[in-house]
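S.K.: I would like the atomic coordinates for the input below:
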Amino acid sequence: MGFAGLWDSLLPVGRDRETGGYRRYSFTEADLACRAWFGEAAAQRGMRAGGDRNGNLWAWWDVPDGPAAEPGSAVVTGSHFDSVPDGGAYDGPLGIVSAFAAIDQLRARGFAPARPVGVAAFCEEEGGRFGLACLGSRLLTGAVEPAAARELRDGDGVTLAAAMAGAGLDPAGLGADDGLLAGIGAFVELHIEQGSALHGLGAPVGIAGGIWPHGRWRLDFAGRADHAGTTRLADRRDPMLPYAATVLEARRAASAHGGLATFGKVAAEPGAANAISSSVRAWLDARAPGQGILDRMVSQIEAAARRAADAEGVRVSMRRESFTPPVEFDAALRDRLAAALAAQGIRAPVLATGAGHDAGVLAARLPAAMLFVRNPSGVSHSPAEHAEPADCAAGVAALAAVLAELAGR
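M.R.: Predicted coordinates:
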């Protein structure tokens, strides 16, 4: 079918007609449609396909007749289907569609793998429904306790366990799968660049050098509900004020430390336009080029939140909900990717990124690497996210070259 046909067949799934953005949340109707698409794409290529006990999908191009592959030598590529609310089309799905398209290219050349080649689709990478990013890969590697994961809840109070059961999956099986991981010798994730560095460098494809440390923190400001039209300013215990002060301090801290800090989600209760809120819940996303820098930045934000809360007679608590330490991708694997691309005349600059990925989680357990495809606007997590067809084709060609290098004889 080729990249264009595969891409067009997936593009309508989960897209909101009004916003043009995607709402592919884990274990919803849109997610189930993506899973069906994955199974069909695998079946069309005669690949074995199925899910693991953590909700991740796998399709395998097995070694043809000949000498058996060495244990633990499989080469896997892929990404994720799920999106942030009203996210873009490319973040995640580009890597899965490119994986099948790269396999098509290799088969058209008569390439016969000496090692199994797998395509993976990881569950809940964005954390858009249950709030914990890279959940599928974290469960697979043992970075998250299964009991805690089962109790994660979405905005409607539905637990992960209930959502999985509703989708026909068994949440009792959640947990690390050392046997599956032991069979993988390398994982390479292709992803749209979430920035515009490649555009500035004039390169359609890049290689990831590493991922900044990053995490999410929940802040709860507890005040007192009251009437907006009758309560004197001096008598108020308004949690919105220390929240607002914390947002401004986050911007100042990020600027001072060369990091990134974002409040992208907030909930105020009771939520009436003519009432002072009783509580404000907000989530901080913070990232920095080093662990020490991130720690100092988050500490500065927390201190400011506590000062502002005290000044308004408001209580505040802050707790970390997720964290990913700095990731430096396997140097030997990165060098092999660069050499394989150079042999095909592909110049691929090495980039660092502040965005988290399943490849970063897997890097703690096995050699992992990433390829980036140019994003001319630099916009991500938005319907404006875009990659030119020629750059997508360059990404497929680069991935095919990498798979040939890693899985060839």
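S.K.: what does stretch 159-171 contact?
M.R.: Contacting residues not belonging to stretch 159-171 are listed as 26-27, 31-32, 51, 53, 55, 129-130, 135, 149-154 [C-beta atoms under 8 Å, 6 or more residues apart in numbering]. Bear in mind the C-beta positions are built from the backbone N, C-alpha and C, glycine included.
S.K.: Which of those are buried? Put it as a PyMOL command.
M.R.: To isolate the buried ones among the contacts of stretch 159-171 in PyMOL, judged by 16 or more other C-beta atoms under 10 Å, type:
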select buried, resi 26+27+31+51+53+55+129+130+135+149+152+154
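S.K.: Out of the contacts of stretch 159-171, list just those in helices.
M.R.: Assigned to helices by DSSP state H, the following of those qualify: D31, L32, L135, A149, R150.
S.K.: ok, of those, which one's closest to I211?
M.R.: L135 (16.9 Å; C-beta to C-beta).
S.K.: what about the nearest residue to that closest one once chain neighbours are set aside, neighbour count?
M.R.: For L135, the nearest residue in space outside its immediate sequence neighbours is E124; the separation is 3.8 Å by C-beta to C-beta, 6 or more residues apart in numbering. Other residues near E124 come to 31 when the count uses other C-beta atoms under 10 Å.
S.K.: Surely E124 touches G136?
M.R.: Yes: taking C-beta atoms under 8 Å as the definition, E124 is a contact partner of G136 at 5.6 Å.
S.K.: Identify the contacts common to these two.
M.R.: Each of G55, H80 lies in contact with both E124 and G136 under the rule C-beta under 8 Å, 6+ apart.
S.K.: List the strands paired with the lowest-mean-pLDDT helix or strand in the chain, with their directions.
M.R.: Taking mean pLDDT, DSSP states H and E as the measure, the helix or strand of the chain with the lowest value is strand 350-353, at a mean of 90. With DSSP bridges as the criterion, the sheet partners recorded for strand 350-353 are strand 205-211 (parallel).
S.K.: can you give me the strands for the stretch 201-350 of the chain?
M.R.: Remark: strands assigned in the stretch 201-350 of the chain by DSSP state E, counting those that start in this stretch are 205-211, 214-222, 226-227, 260-269, 275-276, 279-287, 315-324, 327-328, 350-353.
S.K.: JSON lines for those, including mean neighbour count and distance to P376?
M.R.: Conversion of those to JSON lines gives the following (neighbours: other C-beta atoms under 10 Å; distance: least, C-beta to C-beta, whole Å):
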{"stretch": "strand 205-211", "mean neighbour count": "22", "distance to P376": "13"}
{"stretch": "strand 214-222", "mean neighbour count": "20", "distance to P376": "25"}
{"stretch": "strand 226-227", "mean neighbour count": "14", "distance to P376": "50"}
{"stretch": "strand 260-269", "mean neighbour count": "16", "distance to P376": "21"}
{"stretch": "strand 275-276", "mean neighbour count": "18", "distance to P376": "45"}
{"stretch": "strand 279-287", "mean neighbour count": "21", "distance to P376": "23"}
{"stretch": "strand 315-324", "mean neighbour count": "16", "distance to P376": "27"}
{"stretch": "strand 327-328", "mean neighbour count": "18", "distance to P376": "26"}
{"stretch": "strand 350-353", "mean neighbour count": "18", "distance to P376": "15"}
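S.K.: May I see these arranged in CSV, with distance to G92 as well?
M.R.: Putting the strands of the stretch 201-350 of the chain into CSV (distance: least, C-beta to C-beta, whole Å) gives the following:
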stretch, distance to G92
strand 205-211, 15
strand 214-222, 17
strand 226-227, 44
strand 260-269, 18
strand 275-276, 39
strand 279-287, 18
strand 315-324, 17
strand 327-328, 18
strand 350-353, 15
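S.K.: now for the ones you listed, which one comes closest to P71?
M.R.: Taking C-beta to C-beta as the measure, these were each checked against P71, and strand 327-328 came out nearest at 26.0 Å.
S.K.: how far is the closest one from where the chain is centred?
M.R.: Going by C-alpha atoms, centre = their mean, to the nearest Å, the spacing between the C-alpha centre of strand 327-328 and its chain's C-alpha centre is 15 Å.
S.K.: Just the pLDDT for E125.
M.R.: Confidence at E125, expressed as pLDDT, is 96.
S.K.: Quick check: buried residues in whichever helix or strand A99 is part of?
M.R.: Applying DSSP states H and E as the criterion places A99 in helix 93-108. Of all the residues in helix 93-108, those buried under the rule 16+ other C-beta under 10 Å are 93-106.
S.K.: Convert it to PDB, retaining C-alpha atoms only.
M.R.: As requested, C-alpha coordinates have been extracted for helix 93-108 and formatted as PDB (Å, rounded to 0.1, in the frame of the first residue of the first chain):
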ATOM      1  CA  PRO A  93       1.100   7.500  14.500                       C
ATOM      2  CA  LEU A  94       3.800   8.700  12.100                       C
ATOM      3  CA  GLY A  95       6.200   6.200  13.700                       C
ATOM      4  CA  ILE A  96       3.800   3.300  13.400                       C
ATOM      5  CA  VAL A  97       2.700   4.100   9.800                       C
ATOM      6  CA  SER A  98       6.400   4.600   8.800                       C
ATOM      7  CA  ALA A  99       7.300   1.200  10.400                       C
ATOM      8  CA  PHE A 100       4.900  -0.700   8.200                       C
ATOM      9  CA  ALA A 101       5.900   1.400   5.100                       C
ATOM     10  CA  ALA A 102       9.600   0.700   5.800                       C
ATOM     11  CA  ILE A 103       8.900  -3.000   5.900                       C
ATOM     12  CA  ASP A 104       7.100  -2.700   2.600                       C
ATOM     13  CA  GLN A 105      10.200  -1.000   1.100                       C
ATOM     14  CA  LEU A 106      12.500  -3.700   2.400                       C
ATOM     15  CA  ARG A 107      10.300  -6.500   1.100                       C
ATOM     16  CA  ALA A 108      10.100  -4.800  -2.300                       C
END
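S.K.: pLDDT of that helix, averaged?
M.R.: Mean pLDDT, computed over helix 93-108, is 98.
S.K.: next structured bit after that helix?
M.R.: Later in the chain than helix 93-108, the nearest helix or strand by DSSP H and E is strand 117-122.
S.K.: Residues touching that next one, excluding its own?
M.R.: With contact meaning C-beta under 8 Å, 6+ apart, strand 117-122 is reached by 34-35, 38, 42, 47, 56-61, 74-81, 96, 99-100, 103, 134, 136-137, 140, 184, 187, 358, 403, 407.
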